[in-house]
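> Need a 3D model of the sequence below.
(chains A, B, C and D)
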2 protein chains.
Amino acid sequence: MTPSPDLRAHVAILDDEPEIRQMLSLALEEAGFRTSCYARATEFEASLKRTTPDVCLVDLGLPDRDGLALVHRLALESGAAIIIISGRAQVQDRVTGLELGADDYIIKPFDPAEVVARIRARLRKGRSDADRSADTAHFADWAAHFDRYILVRSNGEEVPFSHAEGEVLRLFLESPKRLISRAQMQESLGGAAGESFDRAMDVRISRLRTKLGEDPKNPRLIKTIYGAGYIFLGDVTWV
Amino acid sequence: MTPSPDLRAHVAILDDEPEIRQMLSLALEEAGFRTSCYARATEFEASLKRTTPDVCLVDLGLPDRDGLALVHRLALESGAAIIIISGRAQVQDRVTGLELGADDYIIKPFDPAEVVARIRARLRKGRSDADRSADTAHFADWAAHFDRYILVRSNGEEVPFSHAEGEVLRLFLESPKRLISRAQMQESLGGAAGESFDRAMDVRISRLRTKLGEDPKNPRLIKTIYGAGYIFLGDVTWV
DNA sequence: CTCTCTTGTTACAATTCGAAAGAATTAGGC
DNA sequence: GCCTAATTCTTTCGAATTGTAACAAGAGAG
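Sure, this is the predicted structure:
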């Protein structure tokens, strides 16, 4: 089979200006992509007989071919995501480019960081359901798997948590080390403006604390700020 | 049975400015989409318990919630394409928006025609992905053949399933690892807004679970999220 | 130190869900 | 048309979760 399969996503760059090619290639390689550059549409099309890139960056306004026609053919015949790069900034240009099958349209001058971000967005959707849903946060010696509704301690112990508990936990993990007021919580957790609800929140937090094995006298993760709200200590990294 | 299923793609619009909502809604309806508008994140999130839009247009800078956190959750939990609309035009803003899971980022002020074109581009890609005409799904150690109404285990054992069971199973396999609310199910399975249907859904799932050989105390594939809905764990590949 | 207000915890009630059993509906054979 | 079988819905009761109420504990003001 393939001697050493390159697992990086493959981005084909088609642009007639050498500086742009180089800048894009550099930025994309740095971002972890494999790139191949082409100056002319004929070269590029020849390459398509050998390789199938995951993303095509196409500069409109190439010298040897009408770029839009090329985009249209690419859209129909290749499964790659197509991103147009163009100096033409009119809305009408963008609309026709997208209508002809492009997946995105970036206007020159552009920032390489945005190009990288947009390519990633395309690839993410492309591979879709398969490896998505890594909805997991790590903190202290826990890993919270929101897709499976369980907490896993570093020693392997599994503690399931309920939906209500998960809502609170997620809120904390989304803004760690920041004060979260009671009012904010109720707003976030779908509490209507009712007043009688406020104690339910306490119970939810209480139950969450016990599941996390907090010491009631000295909570290390969910800290109460008397009269203000709660704060989640602990370094959180989402995976 | 279903009164008249609306085949148009469904676009949810979340923006706090009434004029923008109206402009977008008008333009999109004219372009052949079904739209629903929400002024606040809480309203919007409530609606997600009932319906599953194909595209979400989200204005950052909503008054009642951190928009980016909402985008992040949407990206993880809903299969919809997410398009951010924002007045913040810095490259860094766009990059973070896209990194958090948005599929596109449109800067205000915008032309409705471009919004339409970008939505179409998203739907096009999404559909080609979901338009696998295959009718067999593999998961765990099962293969579900929807054309023959049978489940085949890896050891060759065959278990037939009924139409009603198949509807539920298909719904699960089409969005695995994602919370599916009861309301969404009834919507999808042609249940009118009737209330008496409640338990029928349970029975369908119960039977499906036994056919899949689930342990009632510890279901590994179809998990119940109390008060929220169901979630199908397990990696699904359609052939 | 005491009094008051806020928060934590426990017990209980209400809601939601699962599974079994019976009833209604549908489909097909004779 | 009538009977049988399969499918699906409804009913029902037990189990799990979540909200509410009551009370205990703790923080802050004086």
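
> Please count neighbours and contacts with C-alpha atoms only from this point.
Fine.

> Quick check: which ranges of chain A have low pLDDT?
A:1-5, A:62-65, A:126-134, A:190-197 (pLDDT under 70).

> mind listing the strands for chain A?
Here chain A has its strands, by DSSP state E, at A:10-14, A:34-38, A:55-59, A:81-86, A:104-107, A:136-139, A:142-145, A:150-153, A:158-160, A:179-181, A:222-225, A:229-232, A:237-238.

> who's in contact with the longest one?
Residues lying outside strand A:81-86 but in contact with it, judged by C-alpha atoms under 8 Å, 6 or more residues apart in numbering or on different chains, are A:54-61, A:71, A:74-75, A:97, A:101-108, A:122-123.

> swap the cut-off to 6 Å and go again
A:55-60, A:102-108 (C-alpha atoms under 6 Å, 6 or more residues apart in numbering or on different chains).

> Separate out the buried members of those residues.
Listed as buried from those are A:Val55, A:Cys56, A:Leu57, A:Val58, A:Asp59, A:Leu60, A:Ala102, A:Asp103, A:Asp104, A:Tyr105, A:Ile106; burial here means 16 or more other C-alpha atoms under 10 Å in any protein chain shown.

> Would you mind extracting the C-alpha trace of stretch A:222-239 into CSV?
This file holds the C-alpha atoms of stretch A:222-239, laid out as CSV (Å, rounded to 0.1, in the frame of the first residue of the first chain):
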residue,chain,number,x,y,z
ILE,A,222,-16.7,25.1,43.2
LYS,A,223,-16.2,28.0,45.6
THR,A,224,-19.1,30.1,47.0
ILE,A,225,-18.7,33.8,47.0
TYR,A,226,-21.0,34.9,49.7
GLY,A,227,-23.6,37.3,48.4
ALA,A,228,-22.2,37.3,44.9
GLY,A,229,-22.2,33.9,43.3
TYR,A,230,-19.9,31.0,42.5
ILE,A,231,-16.5,30.6,41.0
PHE,A,232,-14.9,27.5,39.5
LEU,A,233,-11.3,27.1,40.3
GLY,A,234,-9.2,24.6,38.4
ASP,A,235,-7.6,24.7,35.0
VAL,A,236,-9.9,23.5,32.3
THR,A,237,-8.9,22.2,28.9
TRP,A,238,-11.5,21.2,26.4
VAL,A,239,-10.6,18.4,24.0
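
> quick one: the spatially closest residue to A:Ala27 that is not a sequence neighbour from A:Glu30, how far?
The shortest distance from A:Ala27 to any non-neighbouring residue, by C-alpha to C-alpha, 6 or more residues apart in numbering or on different chains, is to A:Pro112 (6.3 Å). To A:Glu30, A:Pro112 is 11 Å away according to C-alpha to C-alpha, to the nearest Å.

> and A:Thr52, what is it in contact with?
A:Thr52 neighbours (C-alpha under 6 Å, 6+ apart): none.

> can you tell me how far A:Phe201 sits from B:Glu214?
You called it Phe, but residue A:201 is Met. 34 Å.

> Comparing the two, which shows the higher neighbour count?
A:Met201 (18 against 15; other C-alpha atoms under 10 Å in any protein chain shown).

> Need the nearest residue in space to the more buried one, chain neighbours excluded.
Per C-alpha to C-alpha, 6+ apart, closest to A:Met201 is A:Gln186, 7.6 Å.

> what's the neighbour count on that neighbour?
19.

> Count the neighbours of the residue nearest to A:Val91 when sequence neighbours are not counted for me.
In this structure, A:Val91 finds its nearest non-sequential neighbour in B:Glu114, 6.4 Å apart by C-alpha to C-alpha, 6+ apart. Counted with other C-alpha under 10 Å, the neighbours of B:Glu114 add up to 19.

> quick one: B:Glu114 and A:Glu77, what's the gap?
Taking C-alpha to C-alpha, one finds B:Glu114 at 24 Å from A:Glu77.

> Would you mind giving the domain segments of chain A?
Domains of chain A are assigned by automatic domain parsing as A:10-127, A:136-238.

> Let's have the ones you listed in CSV, adding distance to B:Ile84.
Listed next are those as CSV, based on distance: least, C-alpha to C-alpha, whole Å:
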stretch, distance to B:Ile84
domain A:10-127, 13
domain A:136-238, 19
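
> Quickly compare those domains and say which is most buried.
Burial of those is given as mean neighbour count (mean count of other C-alpha atoms under 10 Å in any protein chain shown); domain A:10-127 ranks first at a mean of 18.

> Return the distance of that one from the chain's centre.
20 Å (C-alpha atoms, centre = their mean, to the nearest Å).

> What residues does chain A have near DNA strand D?
For chain A, the contact set with DNA strand D under C-alpha under 7 Å from any atom of the strand comprises A:162-165, A:196-201, A:203-204, A:217, A:226.

> mind checking how far the residue nearest the centre of chain A is from B:Glu158?
By C-alpha atoms, centre = their mean, chain A has its centre lying nearest to A:Ala121, at 6.4 Å. Distance, A:Ala121 to B:Glu158, using C-alpha to C-alpha: 40 Å.

> A:Leu151 now?
35 Å.

> rewinding a little: which one among the residues of chain A next to DNA strand D gets closest to chain B?
Closest to chain B out of those is A:His163 (6.2 Å), distances taken as C-alpha to the nearest C-alpha.

> Show me what the nearest residue to the closest one once chain neighbours are set aside bridges to in the sheet.
The shortest distance from A:His163 to any non-neighbouring residue, by C-alpha to C-alpha, 6+ apart, is to B:Ile225 (6.2 Å). Judged by DSSP bridges, the bridge partners of B:Ile225 are B:Gly229.
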